[in-house]
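Trainee: Pasting the sequence and the predicted model now:
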Amino acid sequence: QTKWDLPAAYPATNFHTENLVQFASDVDKASGGKLKITVHANASLFKANEIKRAVQGGQAPIGEVLLVNFENENPIYGADGIPFLATGYGDAKKLAAAQKPVLDKLLGAQGMKLLYTVAWPPQGIYTNKELNNVGDMKGLKWRAYSPATAKIAELVGAVPVTIQAAELSQALATGVVNSYMSSGSTGYDSKTYESIKMWYDTQAWLPKNAVIVNTAAFNALDKPTQDAVLKAAADAETRGWKLSEEKNQWYVNALQEKGMKIMKPSPQLMADLKKVGAVMLTEWEAKAGPDGTAVITNFRK
Amino acid sequence: MRRFLDRLYLASGAVGAAFIAFICIVMIAQSILREFGVRTGAANDVVAWSCAAASFFAMAHAFKHGDFVRVTLLLEKMSPPVRRVMEIICLAIAALSVGYLAFWANKFTYDSWRFHEVAQGLLPIPIWIPQASFALGSILLLVAVVDELVIVIRGATPTYVAAVEERHAKGDFSSDV
Amino acid sequence: MDILLVGGLLLLIMMVLLSGGVWIAMTLAICGWVGQAFFTTTATGNNLFSSFWESNASWELAALPLFIWMGEILFRSKLSEEMFEGLRPWLNKVPGRLMHTTILGCGIFGSVSGSSAATCATISKVALPELLKRGYSEKITLGSLATAGTLGILIPPSITMVVYAVAADASIIRIFLAGFLPGFLLMALFSGYIIWWSLRNPDQVPPADPPTTFMEKIRLSGNLIPCAALIIFIVWVLIAGYATATECAAYGVAGSLGLAWWSKSLTWKTFCEGLMGTTRTSCMIMFILAGASFLTKTMAFTGIPRELAQWVDAMHLSPYMLITVLTVVYLILGTALDGISMIVLTSAVVLPMIQKAGFDLIWFGIFIVLLVEIAEVTPPVGFNLFVLQNMTGKDSNTIARAALPFFGCLVLCIVLITVFPQIVTILPDVVMGKDK
Ligand code: NA
Ligand code: NA
């Protein structure tokens, strides 16, 4: 019998974690109890940023990471973080398929293997100011929590403010920040509705979580167990994407119930934002090289 | 040699102190600058790394100065010769474990350099640069522990014991939380 | 090997090393190493690095050295003298008179300092000679100073709370907010005891100071301005949205430096001493946190806390029973350990149990802080006892006996917050909304 510890960064109630727990139980059943996976939720085993290195270094045989977190290391990881490249679940799935071969190659070179990816709900803009075009975003105190969100702030003339997730509610309440870009779930979990009244459903991008496994640990399993893992992973992927879409709708409704206005962005605002996205895509392609071009070409096919 | 080592520990403590002052300055600067719309995105990463550096660099100094807490209840009840033997055993255990720590601190940092690991977040510098504070600090602590072991084996009172006694005799409890 | 047996083995190693005098942080890490190297298949060396790095390279933790520094600066300033002068004229008519300056002084100083020993030392420095000179009972004075000094860690900011929040992965601001009401409650209990005692022993309370005119009272109260200004400044920076809660700690340092400079107690020498002291103290705490973080990883990899929680669960202890058992355990630990070590030693095992029993982590944080306060005044190891022993030359056991009635107030406070947990949770819930 083999035991695997699976570090994950999100709370036990998050749908990604629930999906992982289901995955673990599927593996247990399909392998006839030969592989037991324990899910350690809420960054209790490793912090979000350390999980990839932990899997790489054999500290944990398997782990769940947010891919865009590693875009500094290689832009390919950040392909699903380019704003307005793939909006909506259909596009996001296509992008995931286009990104997969390159990810496999990249992770393979680092002694890891990609099991499956599941998207987060699409990103919108939380703000108290009505936005008719990008010019209205000038001067917003904008929470920047990643290179991409910082770049957007720069391009639209907002003031990027770095606030840790733990301080977000308080920073919103006191006005240290008054806008940010995230999914409906973040807004609900951090009680953004208490201080911010509008969410522009821009569907800017759908970042993905990926479950990765250490190749050596995977190869140490016997063939039937390996197959059980792969089968459970494929199921988890299908289930996860469906869950994500359902949750998205649930969160949007829940936000509305809490008094948040869900805004459909005006055509002008969308056109402006797409221009911002185009600038960032060009920059990304320049950094990502031929692999990046391949991802985009495959995606647009 | 003695003077060089003592100065080394003090200097490493001072480097740690400088990082704490730096944290304070960065935090205030960040909150003021953002009122003027200046981009200060990387400040949070810098603060986190400074926090680590402050702690790691100061380890040797804090150890020597007697600030690392331990239970001395039993030790104080022992006769001086027994106490001396126990101090030697404690220091030998400490030297072993800090040696292990220093080895892995340096190996991991070296791997970060070898694998070209880059910091995540808004300041994409090679991660071995901030991690070097741990690698260096743990070596300094190892030097301090071995130094102390030699001192006690030679028959003197441990520096960390003398320092605490002297401080408390002066009525200074400022370093007890 | 049975997992709980592994847990027992680790506990045994820990007790041998600790009582033998091995440094606490190293003891924790050694136990962590034994557990991982012999009972798991993970990469132990890499985990050692990760634990130390993750726990110390933390933006949340950066507030810790700053809060310590703030206390160090104020400790070396004239703040306590001024506070005594400002409080004195108002307490002449209250039964117990100036004895209440110890409680109020510790409460006010506690709201700018994060340490119990520093609060005790700062207030004792001024209040002790003044009270003894006027003929107040030495026993009550010593007892109240030793115990009220512990308000430093219950009333925010608090170093102990920061450490707990990091260990429990809970919100620092929530715990800070949760500390206010129990803090006031405890002050009321202390003062209540002093009033009750003075009414029963009127002969032992010296006569009032000559009455002061109202204008004179107002003039003397001016001495409270610097401290009030500092508190208002910090709260204003936070509420106005200029700084996040963590950044407030930096403003606290700036404000304290300004205050010390204004009262002419800031010299290059005191600045350096304060900063170096801060560096050593925070290094000590972060070193323990790092060792504990490695042990926590071992706990996660071996699954000991999970097993233990199930085992406790199987005993069907009622929540009150569990709290009673834990109280006894912490009281025993508290005789010999300092508060920080107590928290980090137990968090990996106790917190899962507590959550399983349905207790709120914020509430449990305040509960632990109260027990740490008790630990500060129980012999043989209690820092507040050492502080007063040093200042008066009295034996620490004598001081501990003097603190006994106030110790009772602390226990009563624990009972009250256990029966009425709202005392703890209402303020954070009102200010930040209910936690899910
Ligand atoms: Na305090
Ligand atoms: Na004690």
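Mentor: Looks like it arrived, so ask away. Keep in mind the model is a prediction, meaning the values are calculated, not measured. Numbering: from 1, shown residues only, chains lettered A, B, ... in the order given. Ligands and ions are numbered 1, 2, ... in the order given.
Trainee: From here on, just use CA atoms for contacts and neighbour counts.
Mentor: Noted.
Trainee: can you give me the helices in the chain?
Mentor: Answering for chain A, as no chain was given. According to DSSP state H, chain A carries its helices in the segments A:15-30, A:51-56, A:88-109, A:147-156, A:168-174, A:184-189, A:215-219, A:223-257, A:267-300.
Trainee: Chain B was what I was after
Mentor: Counting by DSSP H, the helices of chain B are B:2-35, B:43-64, B:73-77, B:80-114, B:128-153, B:159-169.
Trainee: need the contact list for the spatially most central residue of chain B.
Mentor: When C-alpha atoms, centre = their mean is applied to chain B, the residue found nearest the centroid is B:M59 (1.6 Å). Applying C-alpha atoms under 8 Å, 6 or more residues apart in numbering or on different chains, we find B:M59 in contact with B:G13, B:G137, B:S138, B:L140, B:L141, C:R280, C:C283, C:M284, C:F287.
Trainee: neighbours around residue 129, how many?
Mentor: With no chain named, the answer covers chain A. 14 (other C-alpha atoms under 10 Å in any protein chain shown).
Trainee: Wait, chain C was what I had in mind.
Mentor: Residues near C:P129, counting by other C-alpha under 10 Å: 13.
Trainee: Buried residues, the one helix or strand it maps to. List them.
Mentor: Assigned by DSSP states H and E, C:P129 falls within helix C:116-134. By 16 or more other C-alpha atoms under 10 Å in any protein chain shown, the buried positions in helix C:116-134 come out as C:116-124, C:126-128, C:131.
Trainee: Tell me the residues on the stretch 201-350 of chain C that lie near ligand 2, please.
Mentor: C:G334, C:T335 (C-alpha under 5 Å from the ion).
Trainee: Considering only the stretch 201-350 of chain C, name the residue that lies closest to chain A.
Mentor: When scored by C-alpha to the nearest C-alpha, the stretch 201-350 of chain C has C:G241 as its residue closest to chain A, at 4.6 Å.
Trainee: Can you report how many residues neighbour that residue?
Mentor: C:G241: 19 neighbours (other C-alpha under 10 Å).
Trainee: For my notes, confirm it occurs in a strand.
Mentor: No. Remark: C:G241 does not belong to a strand; assigned using DSSP: H, G, I helix; E, B strand; the rest coil, it is coil.
Trainee: now it: how far from C:D429?
Mentor: 20 Å (C-alpha to C-alpha, to the nearest Å).
Trainee: If we only consider the contacts of B:M59, which is nearest to A:N128?
Mentor: C:C283 (42.8 Å; C-alpha to C-alpha).
Trainee: my guess is that closest one contacts B:A62, does it?
Mentor: Yes. With contacts counted by C-alpha atoms under 8 Å, C:C283 reaches B:A62, the gap being 7.0 Å.
Trainee: These two - which one has more neighbours?
Mentor: Legend: neighbour count by other C-alpha under 10 Å for C:C283 and B:A62, higher for C:C283 (32 against 27).
Trainee: What residues does the stretch 101-250 of chain C have near chain A?
Mentor: C:S171, C:L238, C:I239, C:A240, C:G241, C:Y242, C:A243, C:T244, C:A245 (C-alpha under 8 Å from any C-alpha of the partner chain).
Trainee: circling back to that earlier point, other SSEs contacting the helix holding C:P129?
Mentor: helix C:63-75, helix C:79-87, helix C:100-110, helix C:138-148, helix C:151-154, helix C:383-392 (3 or more C-alpha pairs under 8 Å, 6 or more residues apart in numbering or on different chains; DSSP states H and E).
Trainee: next one: that helix to chain centre, how far?
Mentor: Centroid displacement of helix C:116-134 relative to its chain, using C-alpha atoms, centre = their mean, to the nearest Å, is 18 Å.
Trainee: what about residue 82, neighbour count?
Mentor: Assuming you mean chain A. 21.
Trainee: think we crossed wires, I meant chain C
Mentor: C:E82: 20 neighbours (other C-alpha under 10 Å).
Trainee: got the contact list for it?
Mentor: C:E82 touches C:N223, C:L224, counting by C-alpha under 8 Å, 6+ apart.
Trainee: Most neighbours among the residues of the stretch 101-250 of chain C next to chain A, which one?
Mentor: Neighbour max across these (other C-alpha under 10 Å) = C:A243, 28 neighbours.
Trainee: what's the burial count for A:D222?
Mentor: 11.
Trainee: Now do the contacts for it.
Mentor: With C-alpha under 8 Å, 6+ apart, A:D222 has no contacts at all.
Trainee: for the residue positioned nearest the centre of chain C, what are its contacts?
Mentor: By C-alpha atoms, centre = their mean, chain C has its centre lying nearest to C:I153, at 2.5 Å. With contact taken as C-alpha under 8 Å, 6+ apart, C:I153 is in contact with C:G110, C:G114, C:S115, C:S116, C:I159, C:T160, C:M161, C:V369, C:E373.
Trainee: What separation do you get for it and ligand 2?
Mentor: 15 Å (C-alpha to the ion, to the nearest Å).
Trainee: coming back round to it: TSV please, covering the helices and strands packed on helix C:116-134 and showing distance to ligand 1.
Mentor: Output for these, formatted as TSV (distance: least, C-alpha to the ion, whole Å):
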stretch	distance to ligand 1
helix C:63-75	9
helix C:79-87	15
helix C:100-110	4
helix C:138-148	12
helix C:151-154	4
helix C:383-392	15
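Trainee: can you tell me which of those helices comes nearest to C:L326?
Mentor: Judging those by C-alpha to C-alpha, what sits closest to C:L326 is helix C:151-154, at 19.2 Å.
Trainee: any weak-confidence spans in chain B?
Mentor: Counting by pLDDT under 70, chain B contains low-confidence ranges at B:171-177.
Trainee: can you do 80?
Mentor: B:37-41, B:167-177 (pLDDT under 80).
Trainee: rewinding a little: just to check, the residue of the stretch 201-350 of chain C closest to chain A is in contact with A:G175?
Mentor: Yes. Counting by C-alpha under 8 Å, C:G241 touches A:G175, with 5.1 Å between them.
Trainee: which residues of the stretch 201-350 of chain C fall in helices?
Mentor: C:214-221, C:225-239, C:245-262, C:268-302, C:304-314, C:319-336, C:339-356 (DSSP state H, counting those that start in this stretch).
Trainee: Show residues contacting the first one.
Mentor: Right, the one you point to is helix C:214-221. C:E85, C:G86, C:L87, C:P89, C:W90.
Trainee: Point out the most buried one among the helices and strands packed on helix C:116-134.
Mentor: helix C:151-154 (a mean of 33; mean count of other C-alpha atoms under 10 Å in any protein chain shown).
Trainee: Downstream of that one, the next helix or strand is which one?
Mentor: Helix C:151-154 is succeeded, C-terminally, by helix C:159-168 (DSSP H and E).
Trainee: what separates that following helix from the chain centre, distance-wise?
Mentor: Worked out by C-alpha atoms, centre = their mean, helix C:159-168 lies 10 Å from the chain centre.
Trainee: Also stretch B:54-64?
Mentor: With C-alpha atoms, centre = their mean, you get 2 Å for stretch B:54-64.
Trainee: so the helix holding C:P129 versus helix C:79-87, what angle?
Mentor: Helix C:116-134 and helix C:79-87 meet at an angle of 50 degrees, taking axes from the mean of the first three to the mean of the last three C-alpha atoms, to 10 degrees as the criterion.
Trainee: tilt between helix C:116-134 and helix C:63-75?
Mentor: 20 degrees.
Trainee: Near residue 12, how many residues? Count them for me, please.
Mentor: Assuming you mean chain A. 17.
Trainee: right idea, wrong chain: chain C
Mentor: Counted with other C-alpha under 10 Å, C:L12 comes out at 13.
Trainee: for it, helix, strand, or coil?
Mentor: helix.
Trainee: same deal with C:G358?
Mentor: C:G358 is classified as coil under three-state DSSP.
Trainee: Any figure for the gap between A:L168 and A:T174?
Mentor: Applying C-alpha to C-alpha to A:L168 and A:T174 gives a distance of 10 Å.
Trainee: And for A:G187?
Mentor: Taken as C-alpha to C-alpha, the span from A:G187 to A:T174 is 16 Å.
Trainee: quick one on the thing from earlier: and the helices of chain B, which is most packed in?
Mentor: Counting by mean count of other C-alpha under 10 Å, the most buried of the helices of chain B turns out to be helix B:43-64, with a mean of 27.
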